[in-house]
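>>> Coordinates for the following, if possible.
(chains A and B)
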Amino acid sequence: MAPATRLVVADDDRDIRELVAFKLEQGGYQVAQAADGVEALAMITAERPALAVLDVMMPGLTGLDLTRRLRADPETAGLPIILLTARAQESDVEAGFAAGIDDYVVKPFSPRELMSRVQAVLARTGT
Amino acid sequence: VTAGLGEPSFIHDPAGLLSISLLVIAVVVMLVVLVTIGERARRRRAEARREARVEPLRPQLMALAVAEDDELEQAIAPLLALDEPTWRAVAPSVVALLPKLRGDTHDCVVSVLTRRGVLARAERDTRHRSALRRAHGAHLLGVTGVDVALPRLLHLLDDEDAQVRQIAARGLGSFADPVAADALLGAVVGRRGLPPRVVADAVLRIGAVAHPAIVRALTSPEPVRRSVAADIAGLTGAHAATEALIQMLTGDPVRALRPRAARALGRLGMPAAAPALRQGLTSSDPALVIASAEGLGGLGDPASVAAVADVARRPALEVARAACRSLTEHGPAGMAALLTLAVQDVPMAHETIRAIALREGARIERRPAPRRTAPRPAAPPVPAPAARTLDLRTGTGAP
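Residues are numbered from 1 along each chain as shown, chains lettered A, B, ... in the order given. Below is the predicted model of the structure:
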């Protein structure tokens, strides 16, 4: 049996983090959870996931800062990233794409839609 | 401590009276501090106990929040079966999920709250004497977004308590209903008027359904309503508001509102607004000139480049700076005009080009080196330099 695809979910809101992880695990993915940007960076560097779902507003390192860091590192530059953004922060989406995200999901979100986007990004990036 | 007929001696001694008063105040303050600390500790312990009780049920909560179609009833059943004390502990966690979800899963969570009687209690709470209870009820009804809650929340927009009014307004933002948008935009005026920011946030959350209400509010006799509507029109992409915004830009009786209309038109990006925005550049009001330049930048219309470049030559620094920034958003024609201005030693053109150079430099430094598998193709021939070129690092002209 092939090993499950590993993903990282980073959000300081426990409900959101666990919701996303729960849904993705239902879909057969192996999910690691980080409560802030710094923890997420360490996790991504260590675990080399196939994709990361990052919240914009996180303590320590925001999702946008984290994206820039990951894109600047040749080892993680190709990591597919989906940004979770609040509806009021849609201006962050533009900054997100400039930083190098692959897609975004607006909160409040539908878990089903998130799953579709994860699958689509993974298919598009061939990871 | 007594003197004569048994009166305390400090009554006749101002210094002693002062000392006793200070002592009493110190004791009272100490008691208040101790009670506050004790109350906080009690609340923390109660919350910790509640969380400990909820923890084993979190997988069921998560299953509820991600349930799809045929899984819905199965996900709801365990929460409906909980005894009342356990449900009371879990209920806040269920409610906390609502603002984070939309679609079927949101409806699924609302269904649990309805069947457990939470919404009926919330509806009753909105009629309670206590403002705290009314606020709590309004919050619960707001996060559900169910149609039956709409009339109560509309009523609470006129509540005697300001906090309740604001919570009701935020709650109305969950309803994709034009009635909610009309009521919110109407609630910025009057003795119990809501803060414009609260209204703007709520209407923004309503989204495109609010566009007709926004257009109506733009022609309201109330300046504050027109002002909020103009801001929201641009942010929500209410293209239907273009004509009303042009009218506001060119002739609103409150001159301070005209720049808001210009910015909103820029955000909408409708080409029909270009003539009115160019007219705004000729205003004697610097705020309107700046906003019009910014608005034209949003449109990026090449036909406006010359007019904006003229503004960039003006001596007023803020006006010239806005015009130069606007040129950078006008595509190649705007950039060419900006370079021409720099060559002509227009100070703000230099500053703008320097800012671009710094930003681009930072971006290039952040960009990782591409992994190349094939040799780099030969670079195209470099065109001969112009008679006068620009140093993009300093933004200055070089002979």
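
>>> Enumerate the residues of the stretch 151-300 of chain B near chain A.
Residues of the stretch 151-300 of chain B lying near chain A by Cβ under 8 Å from any Cβ of the partner chain: B:201, B:204-205. Every residue, glycine included, has its C-beta placed from N, CA and C.

>>> what secondary structure does A:Ile31 sit in?
Careful, residue A:31 is Val and not Ile. strand (DSSP: H, G, I helix; E, B strand; the rest coil).

>>> burial measure for it, as a count.
Neighbour count for A:Val31, taken as other Cβ atoms under 10 Å in any protein chain shown: 21.

>>> Kindly give the local confidence score, pLDDT, for it.
At A:Val31, the pLDDT value in this model is 96.

>>> which of the residues of the stretch 151-300 of chain B next to chain A count as buried?
Among these, those scoring as buried are B:201, B:204-205 (criterion: 16 or more other Cβ atoms under 10 Å in any protein chain shown).

>>> So which of these sit within helices?
The helices, defined by DSSP state H, take in B:201, B:204-205 from these.

>>> With pLDDT as extra columns, can I get those in a markdown table?
Formatted as a markdown table, those follow (pLDDT from 0 to 100):
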| residue | pLDDT |
| --- | --- |
| B:Asp201 | 91 |
| B:Leu204 | 90 |
| B:Arg205 | 88 |
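
>>> Reformat these as CSV; add distance to B:Pro275.
As requested, these are exported to CSV (distance: Cβ to Cβ, whole Å):
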residue, distance to B:Pro275
B:Asp201, 33
B:Leu204, 29
B:Arg205, 33
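
>>> What is the nearest of these to A:Glu18?
Of all those, A:Glu18 sits closest to B:Arg205, with 24.4 Å by Cβ to Cβ.

>>> is it true that the closest one touches B:Gly173?
Yes. Counting by Cβ atoms under 8 Å, B:Arg205 touches B:Gly173, with 3.6 Å between them.

>>> where's the host helix or strand of B:Leu97 relative to the chain centroid, distance-wise?
B:Leu97 is part of helix B:84-97, with elements assigned from DSSP states H and E. Relative to the mean C-alpha coordinate of its chain, helix B:84-97 is positioned 29 Å out (Cα atoms, centre = their mean, to the nearest Å).

>>> moving C-terminal of that helix, what's the next helix or strand?
Following helix B:84-97 toward the C-terminus (DSSP H and E): helix B:104-115.

>>> List the buried residues in stretch B:123-140.
Going by neighbour count (16+ other Cβ under 10 Å), the buried part of stretch B:123-140 is B:123, B:125-126, B:133-140.

>>> residue nearest the centroid of chain A?
Central residue check for chain A by Cα atoms, centre = their mean: the C-alpha nearest the mean position is that of A:Val53, 1.2 Å away.

>>> Look up the residues forming beta bridges with that residue.
Beta-bridge pairing of A:Val53, defined through DSSP bridges, involves A:Val9, A:Ile82.

>>> ok, it touching A:Arg117?
No. If you go by Cβ under 8 Å, A:Val53 and A:Arg117 don't touch, sitting 9.1 Å apart.

>>> Pull up the overlap in contacts between these two.
With contacts defined as Cβ atoms under 8 Å, 6 or more residues apart in numbering or on different chains, the residues shared by A:Val53 and A:Arg117 are A:82, A:105.

>>> So for stretch B:308-322, mean pLDDT?
Averaging pLDDT along stretch B:308-322 yields 93.

>>> roughly how far out does that stretch sit from the chain middle?
Distance, stretch centre to chain centre, for stretch B:308-322: 30 Å (Cα atoms, centre = their mean).

>>> Stretch B:206-213 now?
On Cα atoms, centre = their mean, the centre of stretch B:206-213 falls 16 Å from that of its chain.

>>> quick check: mean pLDDT across that stretch?
Per-residue pLDDT values over stretch B:206-213 give a mean of 92.

>>> Stretch B:81-101 too?
On average, the pLDDT along stretch B:81-101 is 91.

>>> list the contacts for the nearest residue to B:Leu98 once chain neighbours are set aside?
Of all residues not flanking B:Leu98 in the chain, B:Val143 sits nearest, at 4.2 Å (Cβ to Cβ, 6 or more residues apart in numbering or on different chains). Taking Cβ under 8 Å, 6+ apart, we find B:Val143 in contact with B:95, B:98-99, B:171, B:174.

>>> Which strands and helices lie in contact with the helix or strand of chain A with the lowest mean pLDDT?
Sorting the helices and strands of chain A by mean pLDDT, DSSP states H and E puts helix A:91-99 at the bottom, at a mean of 83. Using 3 or more Cβ pairs under 8 Å, 6 or more residues apart in numbering or on different chains; DSSP states H and E, the elements in contact with helix A:91-99 are helix A:63-72, strand A:81-86.

>>> after that helix, next one along is what?
Following helix A:91-99 in sequence, per DSSP H and E, is strand A:103-107.

>>> partner strands of that next one, parallel or antiparallel?
strand A:81-86 (parallel).

>>> And B:Gly38, how close does it get to chain A?
From B:Gly38 over to chain A the distance is 28 Å, taken as Cβ to the nearest Cβ, to the nearest Å.

>>> Number of residues surrounding that residue?
For B:Gly38, the count of nearby residues is 10 (other Cβ under 10 Å).

>>> again with B:Trp87
B:Trp87 has 18 neighbouring residues, counting by other Cβ under 10 Å.

>>> From B:Ala52, how far off is the residue lying closest to it once chain neighbours are set aside?
Counting by Cβ to Cβ, 6+ apart, B:Arg116 is the residue found nearest to B:Trp87 once chain neighbours are left out, at 6.1 Å. Remark: distance between B:Arg116 and B:Ala52 (Cβ to Cβ, to the nearest Å) = 21 Å.

>>> neighbour-wise, which of those two wins?
B:Arg116 (20 against 10).

>>> Could you tell me which residues make contact with the closest residue to B:His211 other than its chain neighbours?
Leaving aside its sequence neighbours, B:His211 sits nearest to B:Ala238 (Cβ to Cβ, 6+ apart; 4.3 Å). Contact partners of B:Ala238, counting by Cβ under 8 Å, 6+ apart, are B:208, B:210-211, B:214-215, B:232, B:268.

>>> Show the buried residues in those.
Buried residues within the contacts of B:Ala238, counting neighbours by 16+ other Cβ under 10 Å: B:210-211, B:214-215, B:232, B:268.

>>> right, is the longest helix seen in chain A up against chain B?
As assigned by DSSP H, the longest helix anywhere in chain A is helix A:111-125. Yes. Using Cβ under 8 Å from any Cβ, helix A:111-125 comes into contact with chain B via A:111-113.

>>> Break down the stretch 51-200 of chain B into its helices, ranges please.
Ranges of helices within the stretch 51-200 of chain B are B:58-66, B:72-80, B:84-97, B:104-115, B:118-125, B:131-144, B:150-156, B:162-172, B:178-186, B:196-206, based on DSSP state H, counting those that start in this stretch.
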